[in-house]
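**Student:** Next come a sequence and a model predicted from it.
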Amino acid sequence: MADIDNIRRIVAEDFKKEDRETVSRLGAILNHFVEQVVNAFDKRINFDNLTQELISYRVTVDSSGVPISNARIKSTYTNAEGMLVLSANNLTNTNVYPDSAPFISFTPSGTGFYTINKINGLQANQEYRLNILIVGN
């Protein structure tokens, strides 16, 4: 992706005398906004600027990957695009690891709530703490 060039500020004196009042008002509104956009794309976009949320979730699944306990997640997003497991820590036995990268299957179940249908990759009957990135819409 190309860098955004630093755009010139809107300056009333660059325009005809009869247009300067209007241009000055527009400049007062737009100059600050354009500066914020240019700054944001100058490697200053952080986690808080994106439509995502990081949550910690404790769960135990059965041999099919269906949660035995805690089958709901709450999010600030009412329409999640997906959930990515960033880490899975076994709280029952630190020497037992997931079989594969955990994958979450979920369905919306009310405003900001999601029912966890299945989590592939976790060992059965082991409690895990999952750090999950919820990508909102």
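**Tutor:** Received it, and whenever you're ready, just let me know what you need.
**Student:** Give me the buried positions along stretch 9-19.
**Tutor:** Using 16 or more other CB atoms under 10 Å as the test for burial, stretch 9-19 gives 10, 12, 15. Every residue, glycine included, has its C-beta placed from N, CA and C.
**Student:** ah, wrong one, I meant stretch 127-137
**Tutor:** By neighbour count on 16+ other CB under 10 Å, the buried set for stretch 127-137 is 127, 128, 130, 132, 134.
**Student:** secondary structure element for the third one?
**Tutor:** Yep, that's residue 130 we're talking about. strand 127-135 (DSSP states H and E).
**Student:** what's that strand packed up against?
**Tutor:** For strand 127-135, the packing partners by 3 or more CB pairs under 8 Å, 6 or more residues apart in numbering; DSSP states H and E come out as strand 52-61, strand 82-90.
**Student:** got a list of contacts for it?
**Tutor:** Defining contact as CB atoms under 8 Å, 6 or more residues apart in numbering, one finds that strand 127-135 is touched by 51-60, 73, 75, 77, 80-92, 98, 102, 104, 119, 122.
**Student:** Send over it as CSV, restricted to the C-alpha atoms.
**Tutor:** The C-alpha coordinates for strand 127-135 follow below in CSV (Å, rounded to 0.1, in the frame of the first residue of the first chain):
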residue,chain,number,x,y,z
GLU,A,127,-9.5,-26.5,31.3
TYR,A,128,-7.9,-24.0,29.0
ARG,A,129,-7.5,-20.2,29.1
LEU,A,130,-7.9,-19.0,25.5
ASN,A,131,-6.8,-15.5,24.5
ILE,A,132,-9.2,-14.8,21.6
LEU,A,133,-9.2,-12.0,19.1
ILE,A,134,-12.7,-11.1,18.1
VAL,A,135,-12.9,-9.3,14.8
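**Student:** partners of it in the sheet?
**Tutor:** strand 52-61 (antiparallel), strand 82-90 (antiparallel) (DSSP bridges).
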